[in-house]
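K.L.:
dropping the sequence and predicted coords here.
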Amino acid sequence: MVLRGTCERVALHAGDTLRKAKAEVLRVDSAEQHDIKLELDRRVQEQIRSEISQACPEDGFLGEEGGEGAKPGQREWVVDPIDGTVNLYHGIPHYAVSIACRLDGQTLAGAIYDPNRDEMFSAHRGGGSTCNGTAIQVSQRRVLAEAILALGFSKGKKTIEKCLSLYQHYGDKVRKLRAMGSAALDLAYVASGRLDAYIEQGVSLWDVAAGALMVEEAGGKVRMSWMEPGGKIHLVASSGRIDLDLV
């Protein structure tokens, strides 16, 4: 599918820029208690936007670093240039580029590229999910005690408290809990069977638009609900084979 190929190509080019940036002194635009914004975020998003504009000049664009979005009936590219910026800044090699193409609220195609492991996860609606061209499927585990869950910590006090309550609830019920700092990779890992589920309160659309489609196309289940109109999302993505009793 052409859209899927565009997602993959643009994500790969952005990943090349991130690899080269390891040799740079990263400039911080802003720093908050739970987040860091880098000049690199803006630079990579502009690179992505330029490539997409050349390939699809009639489409809208929405990224973590800004964008006007799309009108009804217009395709929209939803982009996170660096999902896991705090990890990147502190030298933790766990972050990714996430690119999705959507139409009227439905993701048509998406790609998530991990430049550290050189892994390209991608999917298009009705076309399945792959990692580096090989088909992937969600985990076949059915027993909660054997499951590995990723729980994402968002930036607000209420969402952090909710995540801590999930840790307390599932801590002695599953094999392992993880909080790795990249929603896009958490979803890619659910799609590929490395994780059994990923749960987060207060995540943004650009973090999950591509990955949610990948989970569904790999045979899993995704539930997304807006916590407020046009704002943050409560997301539960899983293989669909384990009983997540609290969510």
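P.N.:
Here it is on my side, so go on. Numbers count the residues shown, from 1 in each chain.

K.L.:
run through the bridge partners of D114.
P.N.:
In this structure, D114 has the following beta-bridge partners (DSSP bridges): E119.

K.L.:
tell me how many other residues surround it.
P.N.:
Around D114 sit 24 other residues, with neighbours defined as other C-beta atoms under 10 Å. The way it works is simple: take the backbone N, C-alpha and C, and place the C-beta from them, glycine included.

K.L.:
and stretch 132-146, how far apart are its ends?
P.N.:
End-to-end distance for stretch 132-146, by C-alpha to C-alpha, to the nearest Å: 27 Å.

K.L.:
mean confidence for it?
P.N.:
Computed over stretch 132-146, the mean pLDDT rounds to 97.

K.L.:
same thing with stretch 106-115?
P.N.:
Within the predicted structure, the mean pLDDT of stretch 106-115 is 98.

K.L.:
just the buried positions in it, please.
P.N.:
Neighbour-count burial for stretch 106-115, with 16 or more other C-beta atoms under 10 Å as criterion, is recorded at 107-115.

K.L.:
next, give phi and psi for the residue of the chain most remote from its centre.
P.N.:
In the chain, the greatest distance from the average C-alpha position (C-alpha atoms, centre = their mean) is reached by D172, at 27.0 Å. The phi/psi pair for D172 (degrees, to the nearest 10) reads phi -100, psi 10.

K.L.:
what is the neighbour count of the residue nearest to L185 when sequence neighbours are not counted?
P.N.:
Computed as C-beta to C-beta, 6 or more residues apart in numbering, the closest residue to L185 that is not its neighbour in sequence is A96, at 5.1 Å. Close neighbours of A96, defined as other C-beta under 10 Å, add up to 34.

K.L.:
average model confidence for the longest helix seen in the chain?
P.N.:
Scanning the chain for the longest helix, with DSSP state H as the assignment, gives helix 2-20. On average, the pLDDT along helix 2-20 is 96.

K.L.:
now do whichever strand or helix holds G67: which elements does it pack against?
P.N.:
Assignment of secondary structure by DSSP states H and E places G67 within strand 66-69. Using 3 or more C-beta pairs under 8 Å, 6 or more residues apart in numbering; DSSP states H and E, the elements in contact with strand 66-69 are strand 60-63.
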